[in-house]
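Visitor: sequence? don't have it. structure:
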């Protein structure tokens, strides 16, 4: 199985899993992410993952 096929399968499983809630990324999230990516010289997706995980930890301290 190719990397592309594997990636597609992972996303397909996530979006079809009833136990996973997919949240939208806001313009405010991206505003923070762009600033962080520029300041820290990191990839946009890495910065986005960091920002979203930080929001999750703030909401659920037992996560």
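Guide: The structure has been received and is ready for your questions. Please read these numbers as outputs of a predicted model, since none were measured by experiment.
Visitor: where in this protein is pLDDT low?
Guide: Along the chain, segments meeting pLDDT under 70 span 58-63.
Visitor: now the helices for it?
Guide: In the chain, the helices defined using DSSP state H lie at 3-16, 27-40, 44-59.
Visitor: just checking, what packs against the second one?
Guide: Identification of packing neighbours for helix 27-40 by 3 or more Cβ pairs under 8 Å, 6 or more residues apart in numbering; DSSP states H and E yields helix 44-59. Every residue, glycine included, has its C-beta placed from N, CA and C.
Visitor: Identify each buried residue in the helix it packs on, please.
Guide: Across helix 44-59, burial judged by 16 or more other Cβ atoms under 10 Å covers 47, 48, 50, 51.
Visitor: Please identify which pair of those lies farthest apart.
Guide: Largest separation among the buried residues of helix 44-59 by Cβ to Cβ: 48 and 50, giving 7.2 Å.
Visitor: For the most far-flung residue of the chain relative to its centre, which residues are in contact?
Guide: Residue farthest from the centre of the chain, counting by Cα atoms, centre = their mean, is residue 1 at 24.5 Å. Counting by Cβ atoms under 8 Å, 6 or more residues apart in numbering, residue 1 touches residue 9.
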